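1. Any chance you could fold what I've pasted below:
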Amino acid sequence: MELTAYVIIALKIIVGISILNVWLLQKNKATIWRGGSAKNIFEEFEAYGLSRQFCYIIGFSKVSLALILLASIQFTALTLIGSLGLSLLLFGSILVHIKIKDVWYKSFPAFLFMVMNLIIAYTTL
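-> Sure thing, here's the model as predicted:
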């Protein structure tokens, strides 16, 4: 296997585990990355003007796509679904940070993971 393939696998693991961490382990914890002055994921969606139901939909989507991205390490046909799906949702995250006029660094993780996903997708094409 060439170096690029190993880098893509590493990116898939970093992105997949990070998304799962945010949505499953850190959802009730305050971090410097949360939108507005939110102390948990539900307050963050409130700050964006979005409902708790929408939070569940986005959470389910991000967790599912992160699992798909991780599964794509073994089943490469899943790569574009996971990487482009997450890219789209992460772009939405950036937009809502901009909408509420968050300081730039709060949208940096979404931007970084979106770029990683786009690299993953690009190398798959």
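2. From M114, how far out is the closest residue to T123 other than its chain neighbours?
-> In space, and not counting its chain neighbours, T123 is closest to I8: 5.5 Å by CB to CB, 6 or more residues apart in numbering. Backbone N, C-alpha and C define where each C-beta goes, glycine included. I8 sits 16 Å away from M114, going by CB to CB, to the nearest Å.
3. just to revisit the earlier point, okay, and the residue nearest to T123 sits in which element?
-> helix 3-20 (DSSP states H and E).
4. Show residues contacting that helix.
-> 62-63, 65-67, 69-70, 72-73, 79, 82, 86, 109, 113, 116-117, 119-120, 123 (CB atoms under 8 Å, 6 or more residues apart in numbering).
5. Separate out the buried members of those.
-> Buried residues within these, defined by neighbour count using 16 or more other CB atoms under 10 Å: 62-63, 65-66, 69-70, 72-73, 79, 82, 86, 109, 113, 116-117, 119-120.
6. Got the phi and psi for G36?
-> Here is the backbone geometry of G36 (degrees, to the nearest 10): phi 60, psi -130.
7. need the contact list for it.
-> G36 neighbours (CB under 8 Å, 6+ apart): E43, E44, A47, Y48, I100, D102.
8. ditto for Y105
-> For Y105, the contacting residues are I32, W33, by CB under 8 Å, 6+ apart.
9. Check the gap between it and L112 for me.
-> For Y105 relative to L112 (CB to CB), the value is 11 Å.
10. go on, L88?
-> Taken as CB to CB, the span from L88 to L112 is 16 Å.
11. Quick one: mean pLDDT for stretch 101-108?
-> Averaging pLDDT along stretch 101-108 gives 96.
12. How about stretch 24-38?
-> 95.
13. buried set for it?
-> Q26, W33, R34, G35, G36, A38.
14. Kindly report the same for stretch 6-25.
-> I8, L11, K12, V15, G16, S18, I19, L20, V22, W23.
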